[in-house]
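>>> 3D model of this:
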Amino acid sequence: MKRFAAEILKEACYKVYWFGKKPVILYKSHRFIVPIIWLAHKRKIIPKEINLFRLDLHFDAKTPSDIEDIAQVFAKLKTFKEVVEFSNSRLSRNNDNWLLFLMHIGFLKDSIVLGASEGNVNPGEYAAPSGKTHLLKTVCELKGAFRHHGVLVDTEDEECKRLWNILDWEVQPGVGFQMGSSPILFDVDLDHFTFEYRSRPYPWTRSIYNAEFPTSGEVRVGGMSIKRFVQKLIRRSPFITIALEPDCCGGNAISKNILRNFNKDFLEDSITDRKFEDII
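Residues are numbered from 1 along each chain as shown. Below is the predicted model:
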């Protein structure tokens with residue numbers, strides 16, 4: 001992992017910190033996740049067509065208009081620097097087509113996004129040239145997913161079972177992640193932790209944060225709190241990717257504050273306060 005992190009740090013658009021032995025990779029715009037996944041495949045850190053779980057306000061599920069052309073260009077790239085330059089120049093600056101591009105070229109299998117409500121509509125599926133159909137599932141909020149007839153407990157809905165397969169989730173004999181669950185990528189767009197008021201983004205208050213990710217109370221599945229559910233997914237990811245997206249968060253200072261809260265609540269303060277000044 002140290003070699004992987006060192007290669008990433010050669011490009012100025014990334015910063016890498018550590019959550020235990022797990023790299024936490026920060027970058028400004030979401031499309032710059034593509035070089036990270038490309039390098040992780042090249043270094044055999046992740047299996048081909050790994051699943052993705054992400055926190056995001058936007059679906060990011062637009063198909064690039066020239067997807068065949070850019071896929072051919074991408075296939076000829078040899079270095080991490082070239083893939084970074086490609087992501088900057090050939091993928092949408094709206095950061096809304098990187099997901100289907102990664103599925104198109106066979107780097108991602110299926111995806112679950114938590115909390116998305118804006119941007120282009122989630123198509124639900126994507127048929128790649130390989131003939132494989134990739135799933136794009138949305139979970140509006142985990143509290144609802146945990147409750148009676150929620151997507152993590154409803155045994156009668158076949159769509160729920162498709163989502164369980166992505167997560168390696170089971171409800172029998174007990175409710176929770178299967179023993180020996182496969183790796184899954186965990187990705188965060190910090191605009192997940194914002195809401196819009198009069199056409200401007202504002203960060204969640206602490207009361208909203210605690211309501212969305214409670215650590216105790218009645219909202220539990222198999223003895224697992226919502227916060228613990230997310231922590232378990234983080235533990236399964238070989239590395240963590242975080243898109244800072246300050247323009248969608250209301251500015252650099254707000255993005256940093258959102259990151260500081262996520263760092264405290266989910267990464268055990270692995271990014272120390274003194275480092276925040278240099279992040280953006």
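
>>> Could I get the average pLDDT for the biggest helix by length in the chain?
Using DSSP state H, we find that the single longest helix of the chain is helix 252-266. Across helix 252-266, the average pLDDT comes to 93.

>>> can you list contacts of it?
Here helix 252-266 makes contact (CB atoms under 8 Å, 6 or more residues apart in numbering) with 26, 188, 190, 193-194, 201, 203-204, 206, 209, 213, 227, 230-231, 234, 242, 244-246, 249, 269-271, 273, 276, 279-280. Where you see a C-beta, it was placed from the backbone N, CA and C, and this is true even at glycine.

>>> Could you pull out the buried residues of it?
254-259, 261-263, 265-266 (16 or more other CB atoms under 10 Å).

>>> Dump the C-alpha coordinates for it into PDB.
C-alpha atoms of helix 252-266 as PDB (Å, rounded to 0.1, in the frame of the first residue of the first chain):
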ATOM      1  CA  ASN A 252     -13.300  25.600   0.800                       C
ATOM      2  CA  ALA A 253     -13.900  26.300   4.400                       C
ATOM      3  CA  ILE A 254     -17.200  24.500   4.500                       C
ATOM      4  CA  SER A 255     -15.700  21.500   2.700                       C
ATOM      5  CA  LYS A 256     -12.900  21.300   5.300                       C
ATOM      6  CA  ASN A 257     -15.400  21.400   8.100                       C
ATOM      7  CA  ILE A 258     -17.500  18.600   6.600                       C
ATOM      8  CA  LEU A 259     -14.300  16.600   6.200                       C
ATOM      9  CA  ARG A 260     -13.300  17.300   9.800                       C
ATOM     10  CA  ASN A 261     -16.700  15.900  11.000                       C
ATOM     11  CA  PHE A 262     -16.400  12.800   8.800                       C
ATOM     12  CA  ASN A 263     -12.800  12.300  10.000                       C
ATOM     13  CA  LYS A 264     -13.900  12.500  13.600                       C
ATOM     14  CA  ASP A 265     -17.000  10.300  13.300                       C
ATOM     15  CA  PHE A 266     -15.800   7.600  10.900                       C
END
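
>>> residue ranges for the strands of the stretch 1-150 of the chain, please.
For the stretch 1-150 of the chain, applying DSSP state E, counting those that start in this stretch gives strands covering 14-19, 22-27, 50-55, 108-114, 125-127, 133-139.

>>> can you tell me which of those comes nearest to I184?
Evaluated over those, closeness to I184 peaks at strand 50-55, with 4.9 Å, by CB to CB.

>>> Mind listing the strands that closest one pairs with, and their directions?
strand 108-114 (parallel), strand 185-189 (parallel) (DSSP bridges).

>>> What is the distance between that strand and the centre of its chain?
Its chain's C-alpha centre and that of strand 50-55 lie 5 Å apart, by CA atoms, centre = their mean, to the nearest Å.

>>> Give me the angle between that strand and strand 133-139.
In terms of direction (axes from the mean of the first three to the mean of the last three CA atoms, to 10 degrees), strand 50-55 departs from strand 133-139 by 20 degrees.

>>> between strand 50-55 and helix 252-266, how big is the angle?
110 degrees.

>>> per-residue confidence averaged over strand 50-55?
Strand 50-55 carries an average pLDDT of 97.

>>> residue ranges of the strands in the stretch 151-280 of the chain, please?
Counting by DSSP E, counting those that start in this stretch, the strands of the stretch 151-280 of the chain are 169-170, 176-177, 185-189, 194-197, 200-203, 220-221, 224-225, 240-243.

>>> contacting residues around the residue of the chain positioned farthest from its centre?
Going by CA atoms, centre = their mean, the residue of the chain most distant from its centre is P173, 29.0 Å out. Residues in contact with P173 (CB under 8 Å, 6+ apart): none are found.
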